[in-house]
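> Quick one, fold the following:
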Amino acid sequence: MSDLYDHDFYAWANQQAALLRAGKLSDADIANIAEEIESIGRNEKRALVNRLNVLLMHLLKWRFQPERRSRSWEVSIANSRDDLTDRLADDPSLRALLPEAVEQAYRRSRRSASAETGLPESTFPIDCPWTDRRREVDLRSSRFELVLHQAPRHGYTSDAIG
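Numbering: from 1, shown residues only. Below you'll find the model as predicted:
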């Protein structure tokens with residue numbers, strides 16, 4: 001059974017699904033099924049980080065290049081927020097991973113924003129400016145206010161964009 005897993009994943013997956021549906025657990029490749037289920041969970045977290053990366057990069061560009069603001073950036077920010085909100089509605093347990101995911105995404109966002117704007121990476125805050133001291137994240141803010149709570153240490157309370 002592991003041979004099929006190693007050489008024809010699609011066939012293996014269909015075989016395992018059929019065995020599970022038939023209740024033939026003793027014939028199923030339990031170890032590899034468990035590994036695949038865990039892998040799906042990791043992929044969900046990666047997708048969350050990737051969506052946050054896009055959002056945070058556009059928020060950085062919005063803040064640090066106001067002269068270049070465009071409708072496409074505004075739409076990208078709105079769509080990213082909707083994607084994140086939908087993802088968290090589909091998988092509410094991902095919300096517990098938000099602080100860590102924001103931290104991971106923000107590191108990438110700084111580099112990406114630097115590359116896309118031509119501004120030095122040091123232009124952008126080292127810590128994500130859209131989390132508070134308790135690293136709380138709120139994706140439900142209204143209209144185009146920052147998706148994440150503005151940290152008081154930065155001296156501003158919102159970044160309305162529209």
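> Could you check how far the helix ranked longest in the chain is from the centre of its chain?
Taking DSSP state H as the criterion, the chain has its longest helix at helix 30-64. Remark: helix 30-64 is offset 4 Å from the chain centroid, using Cα atoms, centre = their mean, to the nearest Å.
> Mind checking what helix or strand follows it in sequence?
Once helix 30-64 ends, the next helix or strand along the chain (criterion: DSSP states H and E) is helix 71-90.
> what's the angle from that next one to helix 30-64?
Going by axes from the mean of the first three to the mean of the last three Cα atoms, to 10 degrees, helix 71-90 is angled at 150 degrees with respect to helix 30-64.
> okay, helix 71-90 in CSV with CA atoms only?
Written as CSV, here are the backbone C-alpha positions of helix 71-90 (Å, rounded to 0.1, in the frame of the first residue of the first chain):
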residue,chain,number,x,y,z
ARG,A,71,-7.9,52.0,-7.0
SER,A,72,-6.2,48.7,-7.7
TRP,A,73,-4.4,48.8,-4.4
GLU,A,74,-7.7,49.7,-2.7
VAL,A,75,-9.4,46.7,-4.4
SER,A,76,-6.5,44.4,-3.5
ILE,A,77,-6.7,45.4,0.2
ALA,A,78,-10.5,45.0,0.2
ASN,A,79,-10.2,41.6,-1.5
SER,A,80,-7.5,40.4,0.8
ARG,A,81,-9.6,41.3,3.8
ASP,A,82,-12.6,39.5,2.4
ASP,A,83,-10.4,36.4,1.6
LEU,A,84,-9.1,36.4,5.2
THR,A,85,-12.5,36.9,6.7
ASP,A,86,-13.9,34.1,4.6
ARG,A,87,-11.0,31.7,5.4
LEU,A,88,-11.5,32.3,9.1
ALA,A,89,-15.2,31.8,8.8
ASP,A,90,-14.6,28.5,7.0
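> No more questions from me, cheers.
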